[in-house]
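Undergrad: from the sequence below, what's the structure:
(one chain, ligands or ions: 2)
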Amino acid sequence: MCEEIKVTLTDCPKQKPDEDHLVFGHTFTDHMFEMDWDKENGWHDARIVPFAPITLSPACNCFHYGQETFEGMKAYRCEDGSIRLFRPEENFKRMNNSNDRLSMPQLDVDFCLKALKKLIEIDADWVPHKKDTSLYIRPFMIGTEPSLGAHTSNQYKFLIILSPVGAYYATGLSPVKIYVEHDYVRAVRGGTGFAKCGGNYAASMKAQDIAEAEGFSQVLWLDGVERKYVEEVGAMNVFFVIGGEVVTPALQGSILPGITRKSVIELLRSWGVKVTERRVAAEELVEAYKEGRFTEMFGSGTAAVISPVGLLRYGDTDMVLSDGKIGELSQKLYDALTGIQWGRAEDPFGWSVKVL
Ligand code: PLP
Ligand code: COI
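TA: Ligands and ions are numbered 1, 2, ... in the order given. From the prediction side, this is the model:
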């Protein structure tokens with residue numbers, strides 16, 4: 001494992017984007033972290049370099065067989081002037097689970113955290129100041145062996161790039177419209193659904209495109225076997241309020257174990273709110289809606305934070321939730337979570353990690 005991180009600073013810093021008009025993931029900071037892996041040397045050549053295109057052989061494994069994993073996290077500029085991360089070790093641990101599933105090498109979690117902190121220190125001026133903005137962090141790993149044999153790559157690259165962002169959805173905290181996707185599936189148990197890998201997202205683009213063309217933000221996936229139980233949304237886990245109880249689909253291998261999901265469950269339980277992780281049939285939601293018991297729904301994710309769902313469509317049934325407005329629990333969770341993330345509230349869980 002490499003210990004040293006070599007730093008080469010840019011000699012032409014870029015102009016920072018207008019914080020009032022940040023589009024998610026469109027602009028990148030001045031620097032990036034990069035390191036390489038091969039069988040003989042393990043991880044080596046850890047370096048922070050100016051953000052720039054990388055040169056790869058067109059025969060690299062990642063282009064043909066998709067050995068790619070990634071993470072999504074954020075750095076927040078807090079009111080006391082500090083810059084903080086939210087549960088960052090959870091992301092690198094999850095990345096190791098994804099790497100294991102895709103037969104890719106493990107990362108040293110502490111070293112990755114050290115590299116990330118150093119990168120953020122160097123690009124600290126890029127962490128935006130405006131309310132609800134943050135610096136989105138995208139660690140990712142790719143198989144780089146230039147060989148067309150369909151086997152595990154013997155060479156990899158790990159990179160971290162940074163992007164100042166505003167809200168993920170153009171609508172901000174406003175409620176989104178989602179429909180339950182019946183024709184296409186995203187993942188099955190035994191597949192890669194629980195891993196954060198590009199292939200899962202590639203498989204979801206077609207349904208996403210159709211949803212957007214029809215005026216919906218994303219689709220709610222059904223399980224890939226019976227197409228009966230709801231799983232998660234394109235970039236978020238989901239929660240339902242049914243009969244006053246909070247319910248979320250159980251993690252059974254086909255859903256991404258979201259760090260925001262885990263935090264929401266822990267927050268709710270700390271407030272004494274009952275949360276049940278179980279299978280939830282789409283039909284159950286329709287029935288509960290007709291009986292007036294399914295009253296609120298929201299998604300959770302790093303990019304999306306807490307995203308209220310104002311309308312859920314299943315077949316011919318349109319379920320209008322919380323009168324199409326931001327639900328009470330969604331707002332309370334949004335305030336609590338963002339309070340901890342931006343250092344506006346106490347952090348009794350020790351989730352917030354100071355960088356600077
Ligand atoms: N599910 C999917 C498919 C996602 O892409 C994301 C985003 O990362 C999530 C759930 C939420 O995960 P997290 O809360 O760790 O960001
Ligand atoms: C995140 O929330 O960090 C994600 O990775 C979702 C991504 C598809 C934007």
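Undergrad: residues touching the residue of the chain found nearest ligand 2, list them.
TA: Scanning the chain for the residue nearest ligand 2 gives residue 72, at 2.0 Å (criterion: CB to the nearest ligand atom). For the C-beta atoms, the positions are set from N, CA and C on the backbone; glycine is no exception. Taking CB atoms under 8 Å, 6 or more residues apart in numbering, we find residue 72 in contact with 91, 136-138, 196, 301-303.
Undergrad: let's see that with 10 Å instead.
TA: The contact partners of residue 72, by CB atoms under 10 Å, 6 or more residues apart in numbering, come to 25, 91, 136-140, 168, 196, 235, 258-259, 301-303.
Undergrad: just the ones of the residues you listed in strands?
TA: Where the contacts of residue 72 overlap with strands, as defined by DSSP state E, the overlap consists of 136-140, 301.
Undergrad: I'd like the distance between the residue of the chain positioned farthest from its centre and ligand 1.
TA: Relative to the centre of the chain, and counting by CA atoms, centre = their mean, the farthest-placed residue is residue 291 at 33.7 Å. Summarising the geometry, the distance separating residue 291 from ligand 1, computed by CB to the nearest ligand atom, to the nearest Å, is 29 Å.
Undergrad: wait, that residue touches residue 243, no?
TA: Yes. Taking CB atoms under 10 Å as the contact criterion, residue 291 and residue 243 are neighbours in contact, 8.7 Å apart.
Undergrad: point out where the stretch 101-250 of the chain drops to low pLDDT.
TA: Applying pLDDT under 70 to the stretch 101-250 of the chain flags residues 169-172.
Undergrad: quick one: name the residues of it near ligand 2.
TA: For the stretch 101-250 of the chain, the contact set with ligand 2 under CB under 6 Å from any ligand atom comprises residue 235.
Undergrad: let's go with 8 Å and repeat that
TA: Remark: the part of the stretch 101-250 of the chain in contact with ligand 2 comprises 136, 138, 168, 196, 201, 234-236, using CB under 8 Å from any ligand atom.
Undergrad: just the helices in the protein please.
TA: Ranges of helices within the chain are 61-64, 88-101, 109-122, 198-202, 205-213, 259-270, 282-290, 328-341, based on DSSP state H.
Undergrad: any chance of TSV for these, columns distance to residue 187 and mean neighbour count?
TA: Written out in TSV, the entries for these read as follows (distance: least, CB to CB, whole Å; neighbours: other CB atoms under 10 Å):
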stretch	distance to residue 187	mean neighbour count
helix 61-64	20	19
helix 88-101	11	19
helix 109-122	25	18
helix 198-202	6	16
helix 205-213	12	14
helix 259-270	16	18
helix 282-290	16	17
helix 328-341	26	19
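Undergrad: to residue 3, which of the ones you listed lies closest?
TA: Smallest distance to residue 3 across the helices of the chain (CB to CB): 7.7 Å, for helix 109-122.
Undergrad: hmm, that closest one in reach of ligand 1?
TA: No. For helix 109-122, no contact with ligand 1 is found by CB under 8 Å from any ligand atom; the gap never falls below 15.5 Å.
Undergrad: got the angle between that helix and helix 88-101?
TA: Angle, helix 109-122 to helix 88-101, by axes from the mean of the first three to the mean of the last three CA atoms, to 10 degrees: 120 degrees.
Undergrad: spell out which parts of the stretch 51-200 of the chain neighbour ligand 1.
TA: With the criterion set to CB under 8 Å from any ligand atom, the stretch 51-200 of the chain comes near ligand 1 through 71-73, 90-91, 94, 186, 196, 200.
Undergrad: take these and write them to CSV, including distance to residue 220.
TA: Shown next, in CSV, are these (distance: CB to CB, whole Å):
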residue, distance to residue 220
71, 23
72, 20
73, 24
90, 24
91, 24
94, 22
186, 10
196, 19
200, 15
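Undergrad: tell me which of the residues you listed is nearest to ligand 1?
TA: residue 72 (4.6 Å).
Undergrad: please report the distance of the closest one from residue 312.
TA: 24 Å (CB to CB, to the nearest Å).
Undergrad: then residue 67?
TA: Counting by CB to CB, the gap between residue 67 and residue 312 amounts to 35 Å.
Undergrad: repeat that for residue 102.
TA: Shown here: residue 102 relative to residue 312, a distance of 32 Å by CB to CB.
Undergrad: out of those two, which sits in the busier spot?
TA: Summary of the neighbour comparison: residue 102 and residue 312, criterion other CB atoms under 10 Å, with residue 312 having more neighbours (26 against 22).
Undergrad: can you pull the pLDDT of the more buried one?
TA: Model confidence at residue 312, expressed as pLDDT, equals 98.
Undergrad: my read: it touches residue 217, true?
TA: No. Under the contact definition of CB under 10 Å, residue 312 does not touch residue 217, with a separation of 11.2 Å.
Undergrad: mutual contacts of the two, please.
TA: Contact criterion CB under 10 Å, 6+ apart; residues shared by residue 312 and residue 217: 176-179.
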